[in-house]
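> sharing a model that was predicted from the sequence below.
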Amino acid sequence: LRDSKATLWEGGIRVPAFVRWPGKIREGQVTQQLAITMDWTATILAASGSSAGDIGKLDGVDLMSVLRGGTPVNNRTFYWKRYMGNKQNAAREGKWKYMKDDKDEYLFDLEADPGEKNNLRGSMTTVFESLKSKFKKWELEVGQ
């Protein structure tokens, strides 16, 4: 995968997760569910029978039903923004990833190109503009 931790390239954000909870989660189960750090907060709170309480609405989603094998993979759009060093923005929806850094803007098909070598920005303009627009809308919603 391209690059490393502390970046929004796949080498920095694509990390496998392992969950073990004997008697609650079936051993040897594998899922292709995409998750983001904030999902673990929602999942741990739900697993413990707690709620967000005064925190309010959480950014993540509870993954327990997926971990228990009762729900199919939940596809949704993910957003990232990196402020330090090389500023980067990224959004992922399904196989598509929009990325912007100090040099350029990109669109990648992560199923065909997980190493992010082929920028499809010029050939898949509708997908590119859609993800870019969704990123800008998200950015306004979270006040960035």
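It's in.

> now the strands for this protein?
77-82, 88-93, 96-100, 105-109 (DSSP state E).

> what lines up beside the third one in the sheet?
Yep, that's strand 96-100 we're talking about. strand 88-93 (antiparallel), strand 105-109 (antiparallel) (DSSP bridges).

> pick out the residue closest to the middle of this protein.
Centroid check for the chain by C-alpha atoms, centre = their mean gives residue 78 as the closest residue, at 4.1 Å.

> list the beta-bridge partners for that residue.
Bridge pairing for residue 78 - DSSP bridges - gives residue 92.

> quick check: it vs residue 132, distance?
Using C-beta to C-beta, to the nearest Å, residue 78 is found at 15 Å from residue 132. The way it works is simple: take the backbone N, C-alpha and C, and place the C-beta from them, glycine included.

> do the same with residue 69
For residue 69 relative to residue 132 (C-beta to C-beta), the value is 36 Å.

> nearest residue to residue 98 other than its sequence neighbours?
Nearest non-adjacent residue to residue 98, counting by C-beta to C-beta, 6 or more residues apart in numbering: residue 131, 3.6 Å away.
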